[in-house]
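[1] Mind looking at a prediction? Sequence and model below.
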Amino acid sequence: MKIAGKVFVVTGGASGLGAATATHLVGQGAKVIMVDMNQDLGHEMQHRLGEKSKFVKLDVTDEVTVEQFFNDVEQEFGQLNGLINCAGIGPSAKVLGKNGIHALDAFQKVLNVNVTGTFNMLRFAANLIAKYELKAGEEERGVIVNTASVAAFDGQIGQTAYAASKGAVVAMTLPLARELAREHIRVMTIAPGIMETPMLKALPQNVQDALGAMVPFPPRLAKPEEFAHLVGHICENAYLNGEVIRLDGAIRMQPK
């Protein structure tokens with residue numbers, strides 16, 4: 001799929017992986033609607049990216065507002081060709097911790113945002129992408145890219161909720177790709193390793209260096225721009241479908 005002239009929605013678009021992805025897609029000539037709960041950062045991103053971008057404050061877990069959001073996208077842009085799901089949370093808690101057992105509501109919150117939010121966005125996005133009328137020479141209507149984590153495969157102590165949520169995102173990939181193939185829509189998932197996100201960049205430099213040194217090669221934190229370039233390649237390579245790609249420098253996480 002050619003990115004130029006296409007319309008994309010990026011969740012978590014105000015910062016980190018989502019912001020880098022939105023920046024890359026706009027740079028390739030796409031129109032991008034960024035959604036996030038952080039209104040201040042979102043408007044800053046829209047100002048930075050210019051007229052080919054738009055920011056909408058949105059709770060990805062809310063069925064009513066998400067449905068209305070996609071209705072608005074259809075009215076304003078007339079089409080949708082891609083959804084990049086980057087929104088997510090990753091708190092850490094042990095099942096048997098110093099302050100007692102893992103709170104059930106904390107577990108449910110992680111699954112609600114990371115799994116339900118991802119699914120809520122992609123179901124409405126798929127419905128709108130399926131309406132796109134293929135032009136001469138085009139073989140696909142669009143692509144959905146979800147974000148998992150290497151924690152889905154080698155989650156660490158304290159990541160039970162997070163690993164469960166990202167494992168669910170991984171498990172959705174193939175059945176979604178199989179189902180949406182009839183609509184000429186591809187579904188892919190990226191499982192990042194240790195990324196240079198705002199949260200990690202706030203850590204002391206020696207801690208960042210120690211984390212980066214855990215990566216076989218290159219021995220550093222992954223840059224959000226590298227995630228964004230992979231998203232761009234997935235969009236452009238029509239034969240990538242139904243697969244999970246680890247973007248991790250060959251790291252395999254230790255128990256803790």
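    Happy to help now that I have it. Numbers count the residues shown, from 1 in each chain.
[2] what ranges do the helices span in the stretch 1-150 of the chain?
    Along the stretch 1-150 of the chain, the stretches classed as helices by DSSP state H, counting those that start in this stretch are 16-27, 39-49, 63-77, 104-111, 117-129.
[3] So in this structure, where's the weakest helix or strand by average pLDDT?
    Counting by mean pLDDT, DSSP states H and E, the chain has its least confident helix or strand at helix 198-201, which shows a mean of 77.
[4] what sits up against it?
    With contacts defined as CB atoms under 8 Å, 6 or more residues apart in numbering, helix 198-201 is touched by 15, 16, 194, 208, 211, 221. Just so you know, the C-beta spots here come from the backbone N, C-alpha and C atoms, and that holds for glycine as well.
[5] filter those to the buried ones?
    Buried by 16 or more other CB atoms under 10 Å: 15, 16, 194, 208, 211, 221, out of the contacts of helix 198-201.
[6] Quick check: the two most widely separated of those residues?
    The distance between the two most remote of the buried ones among the contacts of helix 198-201 (CB to CB) is 19.0 Å, for 15 and 211.
[7] what about the strands in the stretch 151-256 of the chain?
    For the stretch 151-256 of the chain, applying DSSP state E, counting those that start in this stretch gives strands covering 185-192, 244-247.
[8] Phi and psi next, for the residue nearest to residue 216 when sequence neighbours are not counted.
    Nearest residue to residue 216, sequence neighbours excluded (CB to CB, 6 or more residues apart in numbering): residue 250, at 4.3 Å. Dihedral angles of residue 250 (phi, psi; degrees, to the nearest 10) stand at phi 70, psi 20.
[9] Contacts only, for residue 250.
    By CB under 8 Å, 6+ apart, residue 250 lies in contact with 215, 216, 217.
[10] how much space between it and residue 150?
    10 Å (CB to CB, to the nearest Å).
[11] next one: residue 70
    31 Å.
[12] show me the residues around residue 191 that make contact.
    147-150, 152-153, 166, 170, 244-248.
[13] Need the residues you listed in TSV (columns: pLDDT).
    Formatted as TSV, these follow (pLDDT from 0 to 100):
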residue	pLDDT
147	98
148	98
149	96
150	96
152	97
153	97
166	98
170	98
244	98
245	98
246	98
247	98
248	97
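[14] Can you lay out those as JSON lines showing distance to residue 29 and neighbour count?
    What follows is the contacts of residue 191, written out as JSON lines (distance: CB to CB, whole Å; neighbours: other CB atoms under 10 Å):
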{"residue": "147", "distance to residue 29": "23", "neighbour count": "25"}
{"residue": "148", "distance to residue 29": "28", "neighbour count": "28"}
{"residue": "149", "distance to residue 29": "30", "neighbour count": "29"}
{"residue": "150", "distance to residue 29": "32", "neighbour count": "20"}
{"residue": "152", "distance to residue 29": "33", "neighbour count": "22"}
{"residue": "153", "distance to residue 29": "35", "neighbour count": "17"}
{"residue": "166", "distance to residue 29": "31", "neighbour count": "29"}
{"residue": "170", "distance to residue 29": "31", "neighbour count": "16"}
{"residue": "244", "distance to residue 29": "28", "neighbour count": "17"}
{"residue": "245", "distance to residue 29": "24", "neighbour count": "16"}
{"residue": "246", "distance to residue 29": "29", "neighbour count": "18"}
{"residue": "247", "distance to residue 29": "24", "neighbour count": "17"}
{"residue": "248", "distance to residue 29": "29", "neighbour count": "20"}
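[15] which of the residues you listed lies closest to residue 120?
    Nearest to residue 120, judged by CB to CB, of the contacts of residue 191 is residue 147 at 14.7 Å.
[16] For the stretch 151-256 of the chain, which residues score under the pLDDT cut-off?
    Residues of the stretch 151-256 of the chain meeting the criterion pLDDT under 70: none.
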